[in-house]
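Trainee: next comes the sequence, and after it the predicted model I'd like to discuss.
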Amino acid sequence: MARSVAQPLCCGGRCYKAHHLRMLRKVNAGQQARRFLAELGACERGLTREDLISATCDLAHRGSNGLASQCLTEMGRREMRPSLVAHNALLDAYARGQRWDMGMSTLLRMQELGLQPD
């Protein structure tokens, strides 16, 4: 009889990081996407900087700028090194949507973090 491999526990339950990242890439902006992002934020064990960069870029590319910005905020909350790639993806999304005010806000945040946009 084969043994089942237990999932690592995360926040009092099983860690569903991979599932949440996969689902976040499939759903559109809205309540469900916000829920997945909130649950990812509670994932204290396996969420890496690369996971957040990837999610930020995917969300920004799809036009879910608010959720992409939340991913960047989550990186800061976790004291992860800021990502030029993720910030540039969000800047590009703001430019495509002609959200110049948000783009300028992101540029100022990048300067505060020591990132030089390219």
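Mentor: It's in. Remember, it's a predicted structure, so these values are computed and weren't measured experimentally. Residues are numbered from 1 along each chain as shown.
Trainee: going forward, measure contacts between C-alpha atoms and count neighbours the same way
Mentor: OK.
Trainee: show the contacting residues for Cys57.
Mentor: 68, 85-86, 89-90 (C-alpha atoms under 8 Å, 6 or more residues apart in numbering).
Trainee: show me which of those are buried.
Mentor: Among the contacts of Cys57, those scoring as buried are 68, 86, 89-90 (criterion: 16 or more other C-alpha atoms under 10 Å).
Trainee: on that earlier part again, filter the contacts of Cys57 down to the ones in helices?
Mentor: Judged by DSSP state H, the subset of these located in helices is 68, 85-86, 89-90.
Trainee: in those, find the pair that's most separated.
Mentor: Ala68 and Val85 (12.2 Å; C-alpha to C-alpha).
Trainee: got a list of what Ala38 touches?
Mentor: Ala38 neighbours (C-alpha under 8 Å, 6+ apart): none.
Trainee: am I right that it falls within a strand?
Mentor: No. Applying DSSP: H, G, I helix; E, B strand; the rest coil, one finds Ala38 to be helix, outside a strand.
Trainee: Pro117 falls within a helix, correct?
Mentor: No. Secondary structure assignment (three-state DSSP) places Pro117 in coil, not in a helix.
Trainee: what is the neighbour count of the residue lying closest to Arg49 once chain neighbours are set aside?
Mentor: Take Arg49 and drop its neighbours on the chain: the residue closest to it by C-alpha to C-alpha, 6 or more residues apart in numbering is Met80, 6.5 Å away. Look at Met80: counted by other C-alpha atoms under 10 Å, it has 13 neighbours.
Trainee: then the one 4 residues further on?
Mentor: Burial of Leu84, expressed as a neighbour count using other C-alpha under 10 Å, amounts to 17.
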